[in-house]
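>>> Return a 3D structure for these sequence lines:
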Amino acid sequence: MKEIFTNVRGVLGMAIDLGISLIAIAVLVQILFGTDAFFGQNVVTNLTTLIGSLGSEGLVGLFAFGVLLYVFNKRAATT
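The predicted structure is shown next:
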């Protein structure tokens, strides 16, 4: 049973790493080639809207930010 949880945790970790990499690539592509270069999406505006909405939600936004920060720091420490 412990092996199953370890495998699931590994897969989720790889999915998070992939998502972070895709976001970084999308921001870079948008900076280099313009607003609609990444499948017609404005990635930077979407990220700033997300960050703004986390900030406007008070304690819930602060908790969500803390969870995201924990995930990023944990992934950075293992690589």
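
>>> what about residue 44, how many neighbours?
Residues near residue 44, counting by other C-beta atoms under 10 Å, number 14. C-beta: built from backbone N, CA, C; applies to glycine.

>>> looking at this protein, which helix or strand is least sure?
Across the helices and strands of the chain, the lowest-confidence element by mean pLDDT, DSSP states H and E is helix 59-78, at a mean of 72.

>>> Remind me which helix or strand the closest residue in space to residue 42 that isn't next to it in sequence belongs to.
Closest residue to residue 42 apart from its sequence neighbours, by C-beta to C-beta, 6 or more residues apart in numbering: residue 35 at 5.3 Å. Using DSSP states H and E, residue 35 is not contained in any helix or strand.

>>> what's the neighbour count on residue 35?
Neighbour tally, residue 35, other C-beta under 10 Å: 12.

>>> for residue 23, same thing?
Counted by other C-beta under 10 Å, the residues lying close to residue 23 total 13.

>>> tell me what the least confident helix or strand of the chain is packed against?
With contacts defined as 3 or more C-beta pairs under 8 Å, 6 or more residues apart in numbering; DSSP states H and E, the packing partners of helix 59-78 are helix 2-33, helix 43-56.

>>> That one vs helix 2-33, what angle?
Angle, helix 59-78 to helix 2-33, by axes from the mean of the first three to the mean of the last three C-alpha atoms, to 10 degrees: 100 degrees.

>>> Could you list the alpha-carbon positions for helix 59-78 in CSV?
C-alpha atoms of helix 59-78 as CSV (Å, rounded to 0.1, in the frame of the first residue of the first chain):
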residue,chain,number,x,y,z
LEU,A,59,-7.3,34.9,4.4
VAL,A,60,-8.3,32.3,1.8
GLY,A,61,-6.0,33.9,-0.8
LEU,A,62,-3.2,34.0,1.7
PHE,A,63,-3.7,30.3,2.5
ALA,A,64,-3.8,29.4,-1.2
PHE,A,65,-0.6,31.4,-1.7
GLY,A,66,1.0,29.5,1.2
VAL,A,67,0.1,26.2,-0.3
LEU,A,68,1.5,27.1,-3.7
LEU,A,69,4.7,28.5,-2.1
TYR,A,70,5.1,25.2,-0.1
VAL,A,71,4.7,23.1,-3.3
PHE,A,72,7.2,25.2,-5.2
ASN,A,73,9.8,25.2,-2.4
LYS,A,74,9.4,21.5,-1.8
ARG,A,75,9.9,20.7,-5.6
ALA,A,76,12.9,23.1,-5.7
ALA,A,77,14.5,21.4,-2.7
THR,A,78,14.2,17.9,-4.2
